[in-house]
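**Q** Here is my input; please provide its structure:
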Amino acid sequence: MNPPRKIQCLAVDDEPPALDVIRSYIDAIPSLQLVGTCENAVEALGLLKQHPVELIFLDIQMPQILGTEFIRTLKNAPKVIFTTAYRKFAIEGFELDAIDYLLKPISFERFLKAVNRVLDTNLPVQDHYFPEGNIQAGEDDGFISVRVDRKNIKIALPDILYIESLKDYVRIVTRSRNIITKHSITSLEENLPARNFLRIHRSFIVSLKNIESFTSEYVEINKQEIPISRMYRNEVTKKLKME
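**A** Now for the predicted structure:
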């Protein structure tokens, strides 16, 4: 079975620090694949001719031509999420059927909400994102539930491959999907059975049963190398050798 296709996207901003923020946010969301970054509309136009994309994160206030004007020049414009430091462009942005309008400085939570809106369109979907929620373990430890919008999303423990911290969020990687929820990795660790899961890094918890191989520096799960930090190395080595 082929993995779901990722949303091809482009980031355009004349400020390198702003581009770095967008790049890091895109990298944290598995459904998005960054095709490239550009510092102005001319560069963006050249890239689009070589590699069409489905989504653009586009700054509005740029030299040569505004982002809103640039979108109007495109015959078949992709979906767009505008990014800007100026509120005055909001109305014009939405008149162009923008998916969202992000005001700088952009938080990851606000970026995530914009991505949720993209996933509600007909673009390809790989992951499910839940901006807020509490995580509770099932009585039989056979699952955890993510409480979101008055709903409990059940995740079977055997399906979990590993869990990654994304600052104030965690990404739960399972066999069939990824779930991003607002929660600390430490609180989540407390709700997982220690016999099945192991903290190997400040940012990673892994499923012991799904480890395919390991060294003193990383474990391999589903062909993904997950680092073991020095802080956890001795404990992890002892635990894995006992399994």
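**Q** pLDDT-wise, which helix or strand of this protein ranks last?
**A** In the chain, the helix or strand scored least confidently by mean pLDDT, DSSP states H and E is strand 128-130, which has a mean of 45.
**Q** Let's see the pLDDT reported for the spatially most central residue of the chain.
**A** Closest residue to the average C-alpha location of the chain: residue 29 at 1.7 Å, with C-alpha atoms, centre = their mean. Looking at residue 29, its pLDDT reads 86.
**Q** Regarding it, what is its secondary structure?
**A** Following DSSP: H, G, I helix; E, B strand; the rest coil, the label given to residue 29 is coil.
**Q** According to the record, where do the domains of this protein fall?
**A** Using automatic domain parsing, the domain parsing of the chain gives 7-119, 158-242.
**Q** Turn those into JSON lines, columns for distance to residue 144.
**A** Bear in mind the C-beta positions are built from the backbone N, C-alpha and C, glycine included. Output for these, formatted as JSON lines (distance: least, C-beta to C-beta, whole Å):
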{"stretch": "domain 7-119", "distance to residue 144": "20"}
{"stretch": "domain 158-242", "distance to residue 144": "6"}
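**Q** ranges for the helices of this structure?
**A** Remark: helices assigned in the chain by DSSP state H are 16-27, 41-50, 67-73, 90-95, 108-119, 185-190, 230-242.
**Q** Against which helices or strands is the longest one packed?
**A** Spelled out, that is helix 230-242. If contacts are counted by 3 or more C-beta pairs under 8 Å, 6 or more residues apart in numbering; DSSP states H and E, helix 230-242 sits against strand 197-201.
**Q** what does the strand it packs on rub up against?
**A** When contacts are defined by C-beta atoms under 8 Å, 6 or more residues apart in numbering, strand 197-201 is touched by residues 160, 163, 189, 205-208, 219, 226-229, 232, 236, 239.
**Q** Show me the one of the helices of the chain that comes nearest residue 10.
**A** helix 41-50 (6.5 Å; C-beta to C-beta).
**Q** Okay, buried residues for the closest one please.
**A** For helix 41-50, the buried set under the neighbour-count rule, 16 or more other C-beta atoms under 10 Å, comprises 41, 44, 47, 48.
**Q** from memory the third one sits against residue 36, does it?
**A** The one in question is residue 47. Yes. Under the criterion of C-beta atoms under 8 Å, residue 47 makes contact with residue 36 at 5.2 Å.
**Q** picking up where we left off before, among the buried residues of helix 41-50, which one lies nearest to residue 20?
**A** residue 44 (17.1 Å).
**Q** which ones are touching the closest one?
**A** Neighbours of residue 44 in contact, by C-beta under 8 Å, 6+ apart: 10, 12, 38, 56, 58, 70.
**Q** Could you save those residues as a markdown table and add columns showing neighbour count, distance to residue 83 and pLDDT?
**A** Shown next, in a markdown table, are the contacts of residue 44 (neighbours: other C-beta atoms under 10 Å; distance: C-beta to C-beta, whole Å; pLDDT from 0 to 100):
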| residue | neighbour count | distance to residue 83 | pLDDT |
| --- | --- | --- | --- |
| 10 | 25 | 12 | 96 |
| 12 | 27 | 9 | 95 |
| 38 | 22 | 13 | 94 |
| 56 | 26 | 10 | 95 |
| 58 | 27 | 7 | 94 |
| 70 | 23 | 13 | 90 |
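**Q** would you list these in JSON lines and tack on distance to residue 87?
**A** Listed next are the contacts of residue 44 as JSON lines, based on distance: C-beta to C-beta, whole Å:
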{"residue": "10", "distance to residue 87": "24"}
{"residue": "12", "distance to residue 87": "20"}
{"residue": "38", "distance to residue 87": "24"}
{"residue": "56", "distance to residue 87": "20"}
{"residue": "58", "distance to residue 87": "16"}
{"residue": "70", "distance to residue 87": "20"}
